[in-house]
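A.B. asks: Model the following, please.
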Amino acid sequence: MKVVIIGGVAGGATAAARIRRLDEQAEIVVLERSGFVSYANCGLPYYIGGVIQDREELTLQTPESFWDRFRIDVRVGHEVTAIDPAAKTVTGKNLATGETFVESYDKLLLSPGAKPLKPPLPGLDSPRLFTLRTVEDTMAIRTFVEEHKPRRAVMAGGGFISLEVAENLAELGVEVTVVQRLPHLMPPLDYDIASFLHNHMRAKGVRVLLDTAVSGFSQQGQTITTLVEGGDPIPADLAILAIGVAPESTLAKEAGLALGQRGGIAVNDRMETSHPDIYAVGDAVEITHLVTGEKTRIALAGPANKQGRVAADNICGGDSRYPGAQGSSVLKLFDLTVAATGLNEGTAQAAGLDYETVILSPLSHAGYYPGGTVMTMKVLYEKGSLRLLGAQIVGGDGVDKRLDVLATAMQAGLTVTALKELDLAYAPPFSSAKDPVNMAGFMAENLEAGLVKQFTWQQVDSLPRDGSVNLVDVRTPEEYADGHAPGFVNIPVDQLRQRLGEIDPSKPVYLICQSALRSYLACRVLEQRGYTASHLAGGYRLYGSVALDRLASQHAFPCGIELP
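C.D. replies: Next up is the predicted model:
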């Protein structure tokens, strides 16, 4: 059996090695357009910033190491230009020599990946404008930074690559501006959770421009200027276009293979395309979203690796199935960790789901053990079924651990209230006896049992201030003095029972505390005394983060402060 694989990196390289482990006699040929067959794509921004010093560390395998260990024929600098499914051949060009080649196959695997989006904007030919997708791109940017020592840089786009490069450039002392067309950075997040990210970046000196569309670039001398719709041009020494990626599906389309609604290659759960003996994996394919059941594209290394293994099994006569993915991801940004899985509120609404959220701000480990940091967790679940839909977490230590637990619970089909039963590891340096994941389950159980009602940060400013409702902040006087929502009076939770006379029992009570724990306790006190009470989901910590972000955005502050 002869297997030809178009594209290496995650999916293609994984499949090649797996095929060899299953079939020692198979002839395996990998055709890779770039000069590197298997590299750490996710590590590219850290080479630019010097965190990864040696570029060889980015290369996981070379053509020579593939041959020595697996007897796989890897040909870099070989671009496939056409596929003939009827003749079972691929045609291409050796980019080093210009020679054309024709390679036959018994089984063909497509792993072409994705390409950076480049809309038809003026100025894309500027030598000071870069995209980042390959090792060659990375080396070009790092060489530019080392030779030209840029003082200012603009990142067009607010996704993973853009923010990771922004961090690395800022750590080198570059003044960085991030321009994002959407209302917030990191599309997997909701705006309220993303506000912590915005404030953290500003506190680190990064300028963040939201709701701002790039309209082109202009270079004069050593300055590249980013043009934005309805705003002032942004001069810089370097600009990077990172507004997203599109699937490399042209080869598949020209060969007559079916594409999905999102432009990716259509595959089934065996990673088979619409044509016999042709498989496809990675960023170029459309897969099933585990939460919605709809077809989607998820350009992440984890899914690509798993798909490569499934395709390899089936190429070798097995029957492996890829169920889909839910888009679990994590990002380090300066001192902050941001992670998400499944749906956010926007995607849940688009899917027509009736959902509820719980928001909490627990410490990363036991409060009495030094060094704990606060994280903010947002968990979405479906009303009625209580099915977990998604989660977002922002904070320091322990964010990735909690996200992985929630992602596992989602994929296992656990309900949100089942989270309270999870038997998770505990020791004071690592967690609390009631882990944050358990706490999310407790909170959802209280909501579903009617023990507490909540309102959201979006409703705070629209609550009446005419005396028709009670607005109460149950934090300490010191916390209240540091900042509070307009119109809320301060009655600390520990004084609440003694000061009930200040709260009119004939009017609804809206309660705020820092993280929603004390306001929950206040709700229970009042409800059992005949009051109608609800508390702010996420507390003042969430409300204050949003308010700070909006203030900074309105006044275009280049940097800012963060909530404790």
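A.B. asks: Pull up the distance across stretch 84-93, start to finish.
C.D. replies: This stretch, stretch 84-93, spans 15 Å end to end (CA to CA, to the nearest Å).
A.B. asks: Pull the residues that contact that stretch.
C.D. replies: 4, 6, 31, 78-83, 99-106, 108, 255-257, 275, 277-278 (CB atoms under 8 Å, 6 or more residues apart in numbering). Placement of C-beta: from N, CA and C, glycine included.
A.B. asks: Please list only the buried members of these.
C.D. replies: Buried members of the contacts of stretch 84-93, scored by 16 or more other CB atoms under 10 Å, are 4, 6, 31, 78, 80, 83, 101, 103, 105, 108, 255, 257, 275, 278.
A.B. asks: I'd like to know which of those is nearest to residue 446.
C.D. replies: residue 257 (51.0 Å; CB to CB).
A.B. asks: Can you classify residue 20 by secondary structure?
C.D. replies: helix (DSSP: H, G, I helix; E, B strand; the rest coil).
A.B. asks: so how far is residue 517 from the residue lying closest to it once chain neighbours are set aside?
C.D. replies: Leaving aside its chain neighbours, residue 20 sits nearest to residue 70 (4.4 Å; criterion: CB to CB, 6 or more residues apart in numbering). Using CB to CB, to the nearest Å, residue 70 is found at 55 Å from residue 517.
A.B. asks: following the least confident helix or strand in the chain by mean pLDDT, which helix or strand shows up next?
C.D. replies: Ranked by mean pLDDT, DSSP states H and E, the helix or strand of the chain with the weakest confidence is strand 38-39, at a mean of 64. Using DSSP states H and E, the helix or strand that follows strand 38-39 in sequence is helix 44-48.
A.B. asks: Go ahead and produce PDB holding the CA coordinates of that following helix.
C.D. replies: In PDB, the C-alpha atoms belonging to helix 44-48 read as follows (Å, rounded to 0.1, in the frame of the first residue of the first chain):
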ATOM      1  CA  LEU A  44       6.000  30.400  17.000                       C
ATOM      2  CA  PRO A  45       5.100  33.700  18.900                       C
ATOM      3  CA  TYR A  46       7.500  32.700  21.700                       C
ATOM      4  CA  TYR A  47      10.400  32.400  19.300                       C
ATOM      5  CA  ILE A  48       9.700  36.000  18.200                       C
END
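A.B. asks: which residues are in contact with it?
C.D. replies: Contacts of helix 44-48 (CB under 8 Å, 6+ apart): 52, 55, 57-58, 132, 135, 137-139, 141-142, 145, 161, 164-165, 167-169.
A.B. asks: can you do 10 Å?
C.D. replies: Defining contact as CB atoms under 10 Å, 6 or more residues apart in numbering, one finds that helix 44-48 is touched by 40, 51-55, 57-58, 130, 132-135, 137-146, 160-169, 172, 240, 242, 332.
A.B. asks: starting at the chain centroid, how far to that helix?
C.D. replies: 18 Å (CA atoms, centre = their mean, to the nearest Å).
A.B. asks: Same question for stretch 469-485.
C.D. replies: The answer for stretch 469-485 is 34 Å, by CA atoms, centre = their mean.
A.B. asks: what do you get for stretch 373-381?
C.D. replies: 15 Å.
A.B. asks: How about stretch 503-510?
C.D. replies: With CA atoms, centre = their mean, you get 41 Å for stretch 503-510.
A.B. asks: Do me a favour and get the end-to-end distance for it?
C.D. replies: Terminal residues of stretch 503-510 are spaced 11 Å apart (CA to CA).
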